[in-house]
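Chemist: all I have is the shape, not the residue letters:
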Ligand code: GLN
């Protein structure tokens, strides 16, 4: 860390940030490039090269995949902290991810499922840990830390912006599998860059947390047993389902994942609230964490429908011609990142201004607004959905604009508030819990898309909007009382 603390060679930040910026940019390129195509490919008729799944099955598998990707950051973080260190976790993760995308480039169903499985494992190893390394570039006192994370977030969104344009075009206009292969090429470029740029990171993130040889040996055994059971089960279920010897469908696996998610969440919060190790002060903060977690899960349930419900609306009910140019419907997937690039600096400026005037809202208020904006994004779609026919592209553009504003008031604030509120000894765990909220959101977001063909669209959009706006308003009303549970410096900083 010492060698990076003084370093200002990447826009005033340690040069290692450039390595992590581009690694995550390419990883997100591969994730969002593939995600832009995933549901469309599953529900496209076989005659159009798709898998011919129903919306309901496609939505369930989409929700399963996108939620597991984020859930796996929990074991991924554990493995890095205790055994292999974040740097190696990112490397292995990238290899799994690239292999997964290339697997999906082959046009056979088992390779499709294998690819999803590999990407889930790989992202679990990479996504959380690459952010952990960003944090390690700075000392605790370094006030460049937040700005460093903002630059990193721009890298995420550069990848997320470019991916649907390239992978979406190749996948939808030429061949689905070419789109998946392009995602794999992106991750490969990211890996090459990560390895070549490794020296810029020096020793940062190279080692797991200090531990005695005994502890380490115990963790290794635990990892071997858990890993062995997990991979053996995956193999048995995968081969069994494929050969028909085990009567289980992808749909049932998706349902089981929902139960798993619920169990992990209830188990974690059950432990959090029943443990006697917290002081009265800490306990108050844990209630705030619970509220923010719930609000974040709901927010992502609406927002993450970008790749599911909204992707279907773009494909089936929106005109994809602009000034005589016919573009692939997946290009709408780039809009969130496009708006983020424009409005992230504006929002940062607004917070600075408000903070100087002493009027910056507290985290619960910001979360309330996040839910309201997410809901408004769906509310305006009720209009074109009721009119029928092909909606103007302006509607979805407006939706993504509103969703981006919601993301900007909630997402950057979220992790910072959660980590500041958590008792320091579980600070690391909080990163995983933040991704657990995203995981739940993706699961629900996939399920809602499964209702696309069974509900009238204005009803579906209206219900999502009403739900989100109502909860947002409840949170806005409750925010002043919740704020009282937060210590002064946290409610200000968050
Ligand atoms: N778009 C951001 C990313 O991919 C945040 C996603 C999320 O947490 N739901 O990292």
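Modeler: Received it, and whenever you're ready, just let me know what you need. All values derive from a computational prediction rather than experimental measurement. Numbers count the residues shown, from 1 in each chain.

Chemist: hmm, residue 153 is touching residue 344, no?
Modeler: Yes. Residue 153 is in contact with residue 344 according to Cβ atoms under 8 Å; the separation is 7.1 Å. No exception for glycine: its C-beta is placed from N, CA and C like everyone else's.

Chemist: could I get the contacting residues of the residue of the chain found nearest the ligand?
Modeler: The ligand sits closest to residue 438 of the chain, with a gap of 4.0 Å, by Cβ to the nearest ligand atom. Applying Cβ atoms under 8 Å, 6 or more residues apart in numbering to residue 438 gives the contacts 70, 296, 300, 304.

Chemist: swap in residue 59?
Modeler: Counted by Cβ under 8 Å, 6+ apart, residue 59 has contacts 39, 308, 446, 447, 448, 449, 450, 451, 452.

Chemist: name the helix or strand for it, please.
Modeler: For residue 59, the host element (DSSP states H and E) is helix 55-71.

Chemist: that helix near the ligand anywhere?
Modeler: No. For helix 55-71, no contact with the ligand is found by Cβ under 6 Å from any ligand atom; the gap never falls below 7.2 Å.

Chemist: and the next element down the chain from that helix?
Modeler: Past helix 55-71, the next helix or strand by DSSP H and E is helix 73-79.

Chemist: now do the helix or strand following that following helix: distance to the chain's middle.
Modeler: Beyond helix 73-79 in the direction of the C-terminus, DSSP H and E gives the next helix or strand as helix 85-105. In this view, helix 85-105 has its centroid 17 Å away from the chain centroid, taken as Cα atoms, centre = their mean, to the nearest Å.

Chemist: do stretch 355-375 as well
Modeler: 21 Å.

Chemist: just the element for residue 377, please.
Modeler: Counting by DSSP H and E, residue 377 is part of helix 363-379.

Chemist: for the helix holding residue 59, give the mean pLDDT please.
Modeler: Helix 55-71 shows a mean pLDDT of 93.

Chemist: how about the contacts made by the nearest residue to residue 372 once chain neighbours are set aside?
Modeler: Of all residues not flanking residue 372 in the chain, residue 472 sits nearest, at 3.7 Å (Cβ to Cβ, 6 or more residues apart in numbering). Taking Cβ under 8 Å, 6+ apart, we find residue 472 in contact with 368, 369, 370, 371, 372, 373, 374, 375.

Chemist: what helix or strand is residue 282 on?
Modeler: helix 280-303.

Chemist: next, the angle from that helix to helix 363-379.
Modeler: Angle, helix 280-303 to helix 363-379, by axes from the mean of the first three to the mean of the last three Cα atoms, to 10 degrees: 10 degrees.

Chemist: now do the buried residues in helix 280-303.
Modeler: 284-286, 288-289, 291-303 (16 or more other Cβ atoms under 10 Å).

Chemist: now, which of these lie close to the ligand?
Modeler: By Cβ under 6 Å from any ligand atom, the members of these lying near the ligand are residue 300.

Chemist: burial check on residue 200, number of neighbours?
Modeler: 18 (other Cβ atoms under 10 Å).

Chemist: try residue 483
Modeler: For residue 483, using other Cβ under 10 Å, the count is 18.

Chemist: next one: phi and psi at the closest residue to it other than its chain neighbours?
Modeler: Counting by Cβ to Cβ, 6+ apart, residue 362 is the residue found nearest to residue 483 once chain neighbours are left out, at 4.6 Å. Note on residue 362: backbone dihedrals following degrees, to the nearest 10 are phi -80, psi 170.

Chemist: and residue 139, by the same measure?
Modeler: According to degrees, to the nearest 10, residue 139 has phi -70, psi 160.

Chemist: same question for residue 326.
Modeler: phi -90, psi 120.

Chemist: can you start the count at 364 instead of 1 from here on
Modeler: Will do, 364 is the new start, and the previous item becomes residue 689.

Chemist: show me where the stretch 714-857 of the chain has its helices.
Modeler: Remark: helices assigned in the stretch 714-857 of the chain by DSSP state H, counting those that start in this stretch are 726-742, 745-750, 756-784, 790-812, 820-847, 851-856.

Chemist: OK, contacts around residue 408?
Modeler: residue 415.

Chemist: need the pLDDT of the residue nearest in space to the middle of the chain.
Modeler: Nearest to the mean C-alpha position of the chain, by Cα atoms, centre = their mean, lies residue 801 at 5.6 Å. Per-residue pLDDT puts residue 801 at 95.

Chemist: just the one 3 residues further on next, same as before
Modeler: The confidence metric pLDDT takes the value 95 at residue 804.

Chemist: what's the burial count for residue 612?
Modeler: Neighbours of residue 612 using other Cβ under 10 Å come to 12.

Chemist: correct me if wrong: it contacts residue 604.
Modeler: Yes. Taking contacts as Cβ under 8 Å, residue 612 lies within contact range of residue 604: 7.3 Å.

Chemist: can you give me the angle the helix holding residue 422 makes with helix 448-468?
Modeler: Using the same axes, to 10 degrees: helix 418-434 against helix 448-468 is 160 degrees.

Chemist: so how far is helix 418-434 from its chain's centroid?
Modeler: 13 Å.

Chemist: now the angle from it to helix 790-812?
Modeler: Going by the same axes, to 10 degrees, helix 418-434 makes 170 degrees with helix 790-812.

Chemist: what comes up buried for the longest helix along the chain?
Modeler: What stands out as the longest helix in the chain, according to DSSP state H, is helix 576-606. Using 16+ other Cβ under 10 Å as the burial criterion, the residues of helix 576-606 that qualify are 582, 586, 601, 604.

Chemist: could you measure from residue 779 over to residue 795?
Modeler: Counting by Cβ to Cβ, to the nearest Å, the separation of residue 779 from residue 795 is 16 Å.

Chemist: same check, this time on residue 594
Modeler: Taken as Cβ to Cβ, the span from residue 594 to residue 795 is 21 Å.

Chemist: and if you look at residue 528?
Modeler: Distance from residue 528 to residue 795, by Cβ to Cβ: 32 Å.

Chemist: comparing these two, which residue is more hemmed in?
Modeler: The residue with more neighbours, out of residue 528 and residue 795, is residue 795; 21 against 17, by other Cβ under 10 Å.
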